[in-house]
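Peer 1: Below: sequence and its predicted model.
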Amino acid sequence: MMESATTVVPPCGDIEDTKENIDPPFPGPQVCDLSKAHGTPHAPNTQQEDQDHQLQQQQVAEHQPLSEGGELRQEEEQPRPRRGGWTKGRKKKRSPRDNNAPKAPLTGYVRFMNERREKLRAERPDVPFPEITRIVGSEWSKLPSHEKQRYLDEADRDKERYTKELQQYQKTEAFRSYSRKSQNRQKGRQQRQEGPRTIPSDPEKESVLKERSVFDIPIFTEEFLNHSKARETELRQLRKSNMEYEERNAALQKHVESMRSAVQRLEAELQQEQGRNTLLQQHLQNVRQTLTHCLRSVPIPGTAETPTLETIDSYMSRLQSAVLTHPKESEALISGVREVLSQLEG
């Protein structure tokens, strides 16, 4: 006869949430409810024992994430490493240029500026570069429409050339190699900026991180081409706006120059008028002195007042009133004044 069981396995509902209970169970067949009858032989492969074994494994599996969650919380409580950032004072390196790519097209204004700038440098080598740029902008704003259209047509043809060459270049191995290098540089830059991180062993979170690490718009797709076209349209609008602002700036610069010339001309005229007024003041002072000297012995009729340098103006006014009021009585005075004035004119 077999020995009676001395230990009883606790029910599955009484399993505590401890690390000891979460450890993998004994690899042999397990039961959640042993037969209470001591001494009864145990059959290892009964249907009831299989069900109890599955139930126990399911409950242990339900408790397993709690332990993992606890370990994750302990890991999260530890100080996280510092994120890698850009060191202050360092200069960011520009992405290397693709030397095999086709040459970018030039706008009509840039073509006109390149053509005129060389001629102006040859004709006027002493003019600084900003002044040459201002002159070229002014000439572009004054350029007739039919002449300006010639440069715009050349720019459109150059743009068509660039589009065709770019489409052909995107099919080459050099473009694919450059794209792979650009992607690797971008990934390396992101990893340096993010720094080392402790990623939890969660399959769902790992899949999310993998999805985030992929570029939003993969190359060699219709979406990438549409995105490139949208960017090109936006750049075209920005270039157009920039050209309009340059034309306005050139027109305003021309207006400022004309106003500056007008101000200088008015200042010159003002100086001339001031000089003329000074001469007239000097001549008037000389006339006053001469009249005072010549009429010092001619009193006003009815009074004994003679002119002085301070009263010569009022003296002449009162003398004129007396002569006009009594012309017959003032004939002698009039003849005397005429003699004095004749001497003054001489």
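Peer 2: Looks like it came in fine.

Peer 1: which residues of the protein fall in helices?
Peer 2: Taking DSSP state H to define them, one finds helices in the chain at 19-22, 47-77, 108-123, 129-142, 145-169, 173-194, 203-213, 222-294, 312-325, 331-345.

Peer 1: would a markdown table of those with mean pLDDT be doable?
Peer 2: Below are these laid out as a markdown table (pLDDT from 0 to 100):
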| stretch | mean pLDDT |
| --- | --- |
| helix 19-22 | 43 |
| helix 47-77 | 50 |
| helix 108-123 | 86 |
| helix 129-142 | 87 |
| helix 145-169 | 89 |
| helix 173-194 | 79 |
| helix 203-213 | 52 |
| helix 222-294 | 91 |
| helix 312-325 | 85 |
| helix 331-345 | 77 |
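
Peer 1: Between these, which one is closest to residue 303.
Peer 2: Checking the helices of the chain against residue 303 by C-beta to C-beta gives helix 312-325 as the closest, at 8.4 Å. (Each C-beta comes from the backbone N, C-alpha and C, glycine too.)

Peer 1: State the distance from residue 264 to residue 258.
Peer 2: Using C-beta to C-beta, to the nearest Å, one gets 11 Å for the distance from residue 264 to residue 258.

Peer 1: Between the helices of the chain, which one is closest to residue 300.
Peer 2: helix 312-325 (5.5 Å).

Peer 1: Need the CA coordinates for the closest one. CSV is fine.
Peer 2: Only the C-alpha atoms of helix 312-325 are listed here, as CSV (Å, rounded to 0.1, in the frame of the first residue of the first chain):
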residue,chain,number,x,y,z
ILE,A,312,14.8,157.1,-40.1
ASP,A,313,11.9,154.8,-41.1
SER,A,314,9.2,156.7,-39.1
TYR,A,315,10.8,160.0,-40.2
MET,A,316,10.4,159.1,-43.9
SER,A,317,6.8,158.1,-43.4
ARG,A,318,5.9,161.4,-41.6
LEU,A,319,7.8,163.4,-44.1
GLN,A,320,5.8,161.8,-47.0
SER,A,321,2.5,162.5,-45.2
ALA,A,322,3.3,166.2,-44.6
VAL,A,323,4.3,166.7,-48.3
LEU,A,324,1.2,165.0,-49.6
THR,A,325,-1.1,166.9,-47.1
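
Peer 1: and that helix, what does it pack onto?
Peer 2: helix 222-294, helix 331-345 (3 or more C-beta pairs under 8 Å, 6 or more residues apart in numbering; DSSP states H and E).

Peer 1: Domain map for this protein?
Peer 2: What automatic domain parsing lists as the domains of the chain is 1-35+47-64, 105-192, 270-345.

Peer 1: would JSON lines of the ones you listed with mean neighbour count and distance to residue 224 be doable?
Peer 2: Shown next, in JSON lines, are these (neighbours: other C-beta atoms under 10 Å; distance: least, C-beta to C-beta, whole Å):
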{"stretch": "domain 1-35+47-64", "mean neighbour count": "12", "distance to residue 224": "44"}
{"stretch": "domain 105-192", "mean neighbour count": "14", "distance to residue 224": "10"}
{"stretch": "domain 270-345", "mean neighbour count": "12", "distance to residue 224": "68"}
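
Peer 1: Relative to residue 245, which of those is closest?
Peer 2: Across the domains of the chain, closest to residue 245 is domain 105-192 (C-beta to C-beta), at 10.3 Å.

Peer 1: Endpoints of that closest one, how far apart?
Peer 2: 35 Å (C-alpha to C-alpha, to the nearest Å).
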